[in-house]
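Student: Here is a sequence with its predicted model. Questions after.
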4 protein chains.
Amino acid sequence: MGIVSGMEHEHTHRPSAKKDAHLRRLRRVEGQVRGLQRMVDEDAYCIDVLTQVSAATKALQAFALELLEEHMAGCVVDAARQGDEAAAAKVREAADAIARLVKS
Amino acid sequence: MGIVSGMEHEHTHRPSAKKDAHLRRLRRVEGQVRGLQRMVDEDAYCIDVLTQVSAATKALQAFALELLEEHMAGCVVDAARQGDEAAAAKVREAADAIARLVKS
Amino acid sequence: MGIVSGMEHEHTHRPSAKKDAHLRRLRRVEGQVRGLQRMVDEDAYCIDVLTQVSAATKALQAFALELLEEHMAGCVVDAARQGDEAAAAKVREAADAIARLVKS
Amino acid sequence: MGIVSGMEHEHTHRPSAKKDAHLRRLRRVEGQVRGLQRMVDEDAYCIDVLTQVSAATKALQAFALELLEEHMAGCVVDAARQGDEAAAAKVREAADAIARLVKS
């Protein structure tokens, strides 16, 4: 009550306005991954499996890019208005996440 | 009986020796994607969600790379021994799949 | 004097504090690309050429990620402090650049 | 004369039929990287620099994919016809190069 841990405070962020859209998208990816299991189980042709893997990877990436934009529009912009230190921390954190995405 | 459709013939390929390993790997990816749904549902911090997306994407890519190596060691090598035309077709097909992977 | 064109205004941005480091890095990439030309010219082994291509690509990506972080710490943070509209425009623009990077 | 080192032998490969096209392509990439240096030197807008980086990265990747296809059509197919051991070695080597590409 009234007590907010450092972590909690640091991580305060607006819940996504697009939560439902995100969940729908992720359920579709789950369906794609289950489709992959079926293909492997039924000895589908490797190239067809690879095409489906590319589709699932692309879908995950599209989700990540949308989430990232929301994060910048929300948390990063908020932090920028809180002060230089908060801004620097959020920018650094976002940059690290982008680097992980680019390399994955 | 004795009748093999063009498609079927073209797609003749050895079932994967690593089928079980592939299925285990894909079930793990499915678990990661379900974990993502839970995170979004519980308003987890965006950066944590993004980290998990990168992990799932990396896992899918590792699966694709393994599948591709198996495909080259099996279908492409077999085609190379069948003749120039078969070899050229399989190489072209593999190259297209690699391009899709690199771009996804 | 006092007259700033729309474009100019929109693109006002602090010159990079790391300009020299950026230039050094890019000169190294130029050297790698010239090395690639030499390799191709001397019929170097394809796999060795591919390894060198991966190195050059990685160097370009590392440069892009650094530039992007600087851009967020500078232009995006400044825009966030100017108001909602400026913030939204810069975030959108940065998100598009990130998408191009992830896909390239 | 007549003496071929192990390495040399292992790396015997047909010189690229597309050597001129490869060199032209790489010279264009070199021009793009020099253009990047000019942009940084003249304090160009970060997003414009990033767009140009994406273009150079894409050009390098397109070159790599072409080279890889040539390599499979040449060295890998040749190795497949030499025997199982040669085939396995070349496939492994190509798979490693593809993994580096996908991750770069």
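Tutor: On my side now, so go ahead.

Student: so what's the backbone phi/psi at the most centrally placed residue in chain A?
Tutor: Centroid-nearest residue in chain A: A:A64, 3.5 Å away (criterion: Cα atoms, centre = their mean). Dihedral angles of A:A64 (phi, psi; degrees, to the nearest 10) stand at phi -60, psi -40.

Student: OK, contacts around A:R28?
Tutor: Contact analysis of A:R28 by Cβ atoms under 8 Å, 6 or more residues apart in numbering or on different chains lists A:A59. No exception for glycine: its C-beta is placed from N, CA and C like everyone else's.

Student: what does the model give it for pLDDT?
Tutor: The model reports A:R28 with a pLDDT of 97.

Student: quick one on the thing from earlier: is it true that the residue nearest to the centre of chain A touches B:A56?
Tutor: No. Assessed by Cβ atoms under 8 Å, A:A64 is found out of contact with B:A56, at 9.6 Å.

Student: Could you measure from A:A86 over to A:A17?
Tutor: 22 Å (Cβ to Cβ, to the nearest Å).

Student: follow-up on the earlier one: count residues in the vicinity of the closest residue to the residue nearest to the centre of chain A other than its chain neighbours, would you?
Tutor: Using Cβ to Cβ, 6 or more residues apart in numbering or on different chains and skipping the chain neighbours, the partner closest in space to A:A64 is B:V53 (4.5 Å). Using other Cβ atoms under 10 Å in any protein chain shown, B:V53 has 27 other residues around it.

Student: for A:I98, same thing?
Tutor: 24.

Student: In space, what's closest to A:Q32 - neighbours in sequence excluded?
Tutor: In space, A:Q32 is closest to A:A56, 4.2 Å off (Cβ to Cβ, 6+ apart).

Student: so the one you found sits right up against A:R34, yeah?
Tutor: No. Between A:A56 and A:R34 there is no contact under Cβ under 8 Å: 10.3 Å.

Student: coming back round to it: residues shared between the contacts of A:A64 and B:A56?
Tutor: Listed as contacting both A:A64 and B:A56 by Cβ under 8 Å, 6+ apart is no residue at all.

Student: any idea how far B:K103 is from A:L65?
Tutor: Noted for A:L65: a distance of 15 Å to B:K103, by Cβ to Cβ.

Student: Same question for A:A94.
Tutor: Computed as Cβ to Cβ, the A:A94 to B:K103 distance reads 24 Å.

Student: the more surrounded of the two?
Tutor: Using other Cβ under 10 Å as the criterion, A:A94 and B:K103 rank with A:A94 on top: 26 against 16.

Student: surely that one meets A:M72?
Tutor: Yes. The criterion here is Cβ under 8 Å, and A:A94 meets it with A:M72 at 6.4 Å.

Student: For A:G83, give me its contacts.
Tutor: Contacts of A:G83 (Cβ under 8 Å, 6+ apart): none.

Student: Not counting sequence-adjacent ones, nearest residue to A:C46?
Tutor: Here the residue nearest A:C46, using Cβ to Cβ, 6+ apart, is B:H71, at 4.0 Å.

Student: Okay, and the one you found sits in which element?
Tutor: If you go by DSSP states H and E, B:H71 is part of helix B:46-71.

Student: quick check: mean pLDDT across the helix or strand that that helix is followed by?
Tutor: Counting by DSSP H and E, the next helix or strand C-terminal to helix B:46-71 is helix B:77-82. The predicted model gives helix B:77-82 an average pLDDT of 96.

Student: Which single residue of chain A ends up nearest chain D?
Tutor: Nearest residue of chain A to chain D: A:K103, at 6.7 Å (Cβ to the nearest Cβ).

Student: I'd say that residue and D:K103 touch.
Tutor: Yes. Counting by Cβ under 8 Å, D:K103 is a contact partner of A:K103 at 6.7 Å.

Student: for A:S104, what are its contacts?
Tutor: B:53-55, B:57-58, B:61.

Student: between the residues you listed, which has the most around it?
Tutor: B:V53 (27 neighbours).

Student: Enumerate the residues of chain A near chain D.
Tutor: Contact residues (Cβ under 8 Å from any Cβ of the partner chain) of chain A with chain D: A:K103.

Student: Would you format the contacts of A:S104 as a markdown table with pLDDT included?
Tutor: Shown next, in a markdown table, are the contacts of A:S104 (pLDDT from 0 to 100):
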| residue | pLDDT |
| --- | --- |
| B:V53 | 97 |
| B:S54 | 96 |
| B:A55 | 96 |
| B:T57 | 96 |
| B:K58 | 95 |
| B:Q61 | 96 |
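
Student: can you name the two of these that are farthest apart?
Tutor: The most widely separated members of those, counting by Cβ to Cβ, are B:V53 and B:Q61 (12.5 Å).

Student: Spit out the contact partners of A:E69.
Tutor: Counting by Cβ under 8 Å, 6+ apart, A:E69 has contacts C:91-92, C:95.

Student: most neighbours, which of these?
Tutor: Busiest of the contacts of A:E69 [other Cβ under 10 Å] is C:V91, holding 23 neighbours.

Student: tell me which element it is part of?
Tutor: Going by DSSP H and E, C:V91 is in helix C:84-103.

Student: Using PDB, write out every CA atom in that helix.
Tutor: What follows is helix C:84-103, C-alpha atoms only, in PDB (Å, rounded to 0.1, in the frame of the first residue of the first chain):
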ATOM      1  CA  ASP C  84       2.700  14.800 -28.300                       C
ATOM      2  CA  GLU C  85       2.600  15.300 -32.000                       C
ATOM      3  CA  ALA C  86       6.300  15.800 -32.400                       C
ATOM      4  CA  ALA C  87       6.900  12.700 -30.200                       C
ATOM      5  CA  ALA C  88       4.400  10.500 -32.200                       C
ATOM      6  CA  ALA C  89       6.100  11.600 -35.500                       C
ATOM      7  CA  LYS C  90       9.600  10.800 -34.300                       C
ATOM      8  CA  VAL C  91       8.600   7.500 -32.800                       C
ATOM      9  CA  ARG C  92       6.900   6.400 -36.000                       C
ATOM     10  CA  GLU C  93       9.900   7.400 -38.000                       C
ATOM     11  CA  ALA C  94      12.300   5.500 -35.700                       C
ATOM     12  CA  ALA C  95      10.000   2.400 -35.700                       C
ATOM     13  CA  ASP C  96      10.100   2.400 -39.500                       C
ATOM     14  CA  ALA C  97      13.900   2.600 -39.500                       C
ATOM     15  CA  ILE C  98      14.100  -0.300 -37.000                       C
ATOM     16  CA  ALA C  99      11.700  -2.400 -39.200                       C
ATOM     17  CA  ARG C 100      14.000  -1.800 -42.200                       C
ATOM     18  CA  LEU C 101      17.000  -2.800 -40.100                       C
ATOM     19  CA  VAL C 102      15.400  -6.000 -38.800                       C
ATOM     20  CA  LYS C 103      14.300  -7.000 -42.300                       C
END
